[in-house]
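[1] quick check, what structure comes out for this input:
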Amino acid sequence: MESKAKAWLISNLVVIFSNMQIIYTFISVNLEKELGLTIMQVALANSAYTWTFAISQFFSGAMFYTFSSKKIYSFSLLTMLFGFFVLVNSENFSHLILSQVLIAIGASFGFVGAAHISSICFPVAQFGLMFSLVQTISSLSALAIQILFSSLLVEGAYWKNLIVCIILFGILTFVLMFFDLEASSEKSLEKHTIKNSIKTVICSVLTVLKLGDIWITSIVGAITFGTFLALNTLWAPRLLSSLELNSIESGVATAILWLGLAVGAPIADRISNLLKNRKHVISAFALLQGIAIIILLYGDLTVHIVYFCMLMFGFAAGGHMLNFTVGSEIVEQKYISTSSSIINGFMFIMSGVMVSMLALFTDHQMVLFAIFAMLVVAGVLNYATKETYLKNKVAEP
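    Alright, predicted model coming up:
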């Protein structure tokens, strides 16, 4: 049990390292100046990361049942390390694109890898909770990284020195993974040729994609999580600015969103198990998000009411982790990591599309109403899936 817990903790370190790409948001201006790039080129490099990550995500999960976790994580970490090394030594646009592609390929195994480790190191009935805790750690680390990097850059830290620190953290994670992650914690894997490995990965992906409920739960999760990203990254700052909140109050409100998500993810799993139901809980959490939006739209807003709404919205957005639980209960255990990677890939792509579509609006009230409408659609569409909780109980030994 100790080795399994250690494997789960190492998988979370890989998730945290994967989150280091957040620094790109803060150093984009530096890259533009030092490399002599245009804003369009900097945005294009970021887009290269987004689409490479999204496409890789669909296949990364299936690879964990073709190769051992140690081999996959070695490839993932070394690829990300090389990507950050290229980034810190970039001299032109081509180098920047290459760095983003490498980091994206390596990072695509982070979150999904934690899903795989959670599925093999713990009973099936505990998968939802353990993977929700991964989201908690990921959310808190993302918040900490944002605060740390932004404050260090404001204080005058050179961006290349921050990248070096990231590389050192990655090396430490690699060393811990290489010496502490035991291959014996996994079932023995058959020897595969490269041709057979590719065939196995593709067959796993196609097997999961044939399931209609996977598509539906992916869309529902993409809406509930995508609206969170849209509010957090694009419209929360504009809304808070229109309410004339100062920079400290705005920072607190944004942080509360992430804290709400971190707390909501594992609690949603506990509530679902307590009520012995997935569908009602997923829709209820989408409804809570919608209620928070309605209050922001029509309430007499004070700073504390805004904080409450941000906490409620972030907390309810944590319900999207139940979509991964549903996905794990739809498929056989050997396809759980494949299911998780496909659902996460859909969430990633659709979230990006939703954020882009909402960016077309100029009025934050219209955006909030659009978010509310999408959440209503998600809550209703969710009932098109079959209840999976009983299957979870049957699967228990």
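[2] domains in this protein, by residue range?
    2-201, 211-385 (automatic domain parsing).
[3] can you tell me which of those is most buried?
    Among the domains of the chain, domain 211-385 has the highest mean neighbour count (mean count of other Cβ atoms under 10 Å), at a mean of 20. Heads up, the C-betas are built off the backbone N, CA and C, glycines and all.
[4] that one: how far from the chain's middle?
    Distance of domain 211-385 from its chain centroid, counting by Cα atoms, centre = their mean, to the nearest Å, is 12 Å.
[5] average pLDDT across it?
    Domain 211-385 carries an average pLDDT of 88.
[6] now the end-to-end length of that domain.
    Using Cα to Cα, to the nearest Å, the end-to-end distance of domain 211-385 comes to 11 Å.
[7] likewise stretch 238-249?
    13 Å.
[8] which other residues reach it?
    Stretch 238-249 is contacted from outside by 250, 253-254, 296, 301, 303, 306, 364, 368, using Cβ atoms under 8 Å, 6 or more residues apart in numbering.
[9] in TSV, list the residues you listed along with secondary structure and distance to A142.
    Output for these, formatted as TSV (DSSP: H, G, I helix; E, B strand; the rest coil; distance: Cβ to Cβ, whole Å):
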residue	secondary structure	distance to A142
S250	helix	18
A253	helix	16
T254	helix	11
L296	helix	23
L301	coil	26
V303	helix	24
V306	helix	21
H364	helix	24
L368	helix	23
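[10] quick check: the farthest pair among these?
    V303 and L368 (18.0 Å; Cβ to Cβ).
[11] measure F369 to M357 for me?
    As judged by Cβ to Cβ, to the nearest Å, F369 and M357 stand 14 Å apart.
[12] again, but for K6
    43 Å.
[13] and if you look at T52?
    Distance, T52 to M357, using Cβ to Cβ: 22 Å.
[14] which parts of the stretch 51-200 of the chain are helices?
    69-88, 93-107, 110-121, 127-154, 159-180, 194-209 (DSSP state H, counting those that start in this stretch).
[15] average pLDDT across the fourth one?
    Right, helix 127-154. For helix 127-154, the mean pLDDT works out to 88.
[16] what distance separates it from the centre of its chain?
    10 Å.
[17] again, but for the second one
    Helix 93-107 sits 19 Å away from the centroid of its parent chain (Cα atoms, centre = their mean).
[18] avg pLDDT for that helix?
    94.
[19] what lies in contact with that helix?
    18, 21, 24, 31, 35, 37, 41-42, 44-46, 48-50, 52-53, 56, 75-84, 86-87, 89-90.
[20] same thing but at 7 Å, please
    Helix 93-107 is contacted from outside by 18, 21, 31, 35, 37, 41, 45, 48-49, 52-53, 56, 76-77, 79-80, 82-84, 86-87, 90, using Cβ atoms under 7 Å, 6 or more residues apart in numbering.
[21] got it, and the shortest one?
    Contacts with helix 110-121, where a contact means Cβ under 7 Å, 6+ apart, come from 4, 7-8, 11-12, 14-15, 18, 57, 60-61, 64, 69, 72-73, 76, 127, 130-131, 134, 138, 185-186, 324, 328, 333, 336-337, 340-341, 344.
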